[in-house]
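*Asks:* Curious how this folds, go ahead:
(one chain, ligands or ions: 1)
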Amino acid sequence: MAILEILKYPDPGLERVSAAVENFDDALRGFIADLEETMRAGPGGVGIAAPQVGRFIRVAIVDVSGKPKIEHHGRLVLVNPEIIAYDGFAKGREGCMSVPDYTGNVIRAERITVEYFNELGEKHSVEASGFEARAIQHELDHLEGLLFLDRLVSRRSDLFRRKVYK
Ligand SMILES: [Zn+2]
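*Replies:* Numbers count the residues shown, from 1 in each chain. Prediction:
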């Protein structure tokens, strides 16, 4: 296992659209293990997407189970994920390991249904809400080359500089 280097805004790699995974093999699972270790080593650490470490494939990991008092599905490895239903809207604060100096308020769907494959190539679907739904939407944006900065309603009122990432 290894901790991978995180691309930081404005690295142009963060704007690339990632390609679908075709082979669910040991190389993929090894990469996912490294990606997860990188996520857990980072501050915040509730999600990460492959393009953040310069691998432009449709893989993201979300695990919000460390947050108190929220509904969640534990560790989610999302390969070739697709959000097939959206419901409601909520504004909330987001941060990103690729944008370490800022947080921002972003409007996301309150509830989503996402279909995906796990690292073994098994198809799953989950209904997520609240903070977990937000984290999934944030990570899936990375697969489209989007950052939360692209979704701010107003940079003047919805972008905040942070002193320490925690
Ligand atoms: Zn991010």
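*Asks:* Tell me the helix or strand right after the helix or strand of the chain with the lowest mean pLDDT.
*Replies:* Least confident helix or strand, the chain: helix 155-158 with a mean of 90, by mean pLDDT, DSSP states H and E. Sequence order places strand 159-161 as the next helix or strand after helix 155-158, per DSSP states H and E.
*Asks:* Going by contacts, tell me the helices and strands next to that next one.
*Replies:* strand 102-108 (3 or more CB pairs under 8 Å, 6 or more residues apart in numbering; DSSP states H and E). For every residue, glycine as well, the C-beta is placed using N, CA and C.
*Asks:* Tell me which residues of the next helix-or-strand element following the strand it packs on come out buried.
*Replies:* Sequence-wise, the next helix or strand downstream of strand 102-108 (DSSP H and E) is strand 111-117. Going by neighbour count (16 or more other CB atoms under 10 Å), the buried part of strand 111-117 is 112, 114, 116-117.
*Asks:* And those residues, which is closest to I61?
*Replies:* Y116 (11.0 Å; CB to CB).
*Asks:* contacting residues for the closest one?
*Replies:* 76, 78-82, 123-126 (CB atoms under 8 Å, 6 or more residues apart in numbering).
*Asks:* Which single one of those is nearest to I6?
*Replies:* For the contacts of Y116, the nearest to I6 is L78 (18.3 Å; CB to CB).
*Asks:* Identify the residues contacting the closest one.
*Replies:* L78 sits next to 59-62, 114, 116, 136, 139-140 when contact means CB under 8 Å, 6+ apart.
*Asks:* so what does the helix ranked longest in the chain touch, helix or strand wise?
*Replies:* Ordering each helix of the chain by length in residues (DSSP state H) puts helix 26-41 first. Helices and strands touching helix 26-41, by 3+ CB pairs under 8 Å, 6+ apart, are strand 47-49, strand 59-62, strand 76-87.
*Asks:* so the following helix or strand past the last one versus strand 111-117, what angle?
*Replies:* Translated: strand 76-87. Using DSSP H and E, the helix or strand that follows strand 76-87 in sequence is strand 90-94. Relative orientation of strand 90-94 and strand 111-117, computed by axes from the mean of the first three to the mean of the last three CA atoms, to 10 degrees: 60 degrees.
*Asks:* centre of the chain versus strand 90-94, how much separation?
*Replies:* Chain-centre distance of strand 90-94: 14 Å, with CA atoms, centre = their mean, to the nearest Å.
*Asks:* Show the end-to-end separation of stretch 91-110, please.
*Replies:* The first residue of stretch 91-110 is 9 Å away from its last residue (CA to CA, to the nearest Å).
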